[in-house]
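Colleague: A structural model of the following input is requested.
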Amino acid sequence: MAQYSEQLDGLFVALADPTRRAVVRRLGHGPTSVGDLAREFPMTLPSFMKHVRTLESNGLIRTVKSGRVRTCVLNRERLALVDDWLAEQRRIWGERTDRLEQLVTDPEENTQ
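Modeller: Got it, this is the predicted structure:
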């Protein structure tokens, strides 16, 4: 469970930055070279590479070098961890709001 929590922490840290979220969104359309990705953002290539390294170190993307071109590929399985966590949170909060609604709509039944 602790490892799962650490993995989620890293994923959320990586996704906390709008540039990195934009990179993930763009890679959702398919693999793209680092150079093409970097051109979409108003920053130097070394600054952009820090974002790529953060995404890669947290397993959200992988990079493959072919000759002089480094291509980024989205790791959709890693995003599934976030989706699983969100689904669990929706279930938990759905149950809590259902109980709250029951308390509010039928208070006499709950005072016994």
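Colleague: what's the end-to-end length of stretch 37-44?
Modeller: End-to-end distance for stretch 37-44: 12 Å, by Cα to Cα, to the nearest Å.
Colleague: sketch out the strands for the protein, chain order is fine.
Modeller: Counting by DSSP state E, one finds strands in the chain at the ranges 32-33, 61-66, 69-74.
Colleague: next, the angle from the longest helix anywhere in the chain to strand 61-66.
Modeller: Ranked by residue count and defined by DSSP state H, the top helix of the chain is helix 76-105. Relative orientation of helix 76-105 versus strand 61-66 (axes from the mean of the first three to the mean of the last three Cα atoms, to 10 degrees): 170 degrees.
Colleague: which other helices and strands contact helix 76-105?
Modeller: Judged by 3 or more Cβ pairs under 8 Å, 6 or more residues apart in numbering; DSSP states H and E, helix 76-105 is in contact with helix 2-15. Yep, even glycine has a C-beta here, placed from its N, CA and C like the rest.
Colleague: buried residues in the helix it packs on?
Modeller: Using 16 or more other Cβ atoms under 10 Å as the test for burial, helix 2-15 gives Q7, G10, L11, A14, L15.
Colleague: I'd guessed the last one sits against R21; true?
Modeller: Read it as L15. Yes. Counting by Cβ atoms under 8 Å, L15 touches R21, with 5.7 Å between them.
Colleague: now N58, what are its backbone angles?
Modeller: phi -100, psi 10 (degrees, to the nearest 10).
Colleague: tell me, how many residues neighbour it?
Modeller: Look at N58: counted by other Cβ atoms under 10 Å, it has 19 neighbours.
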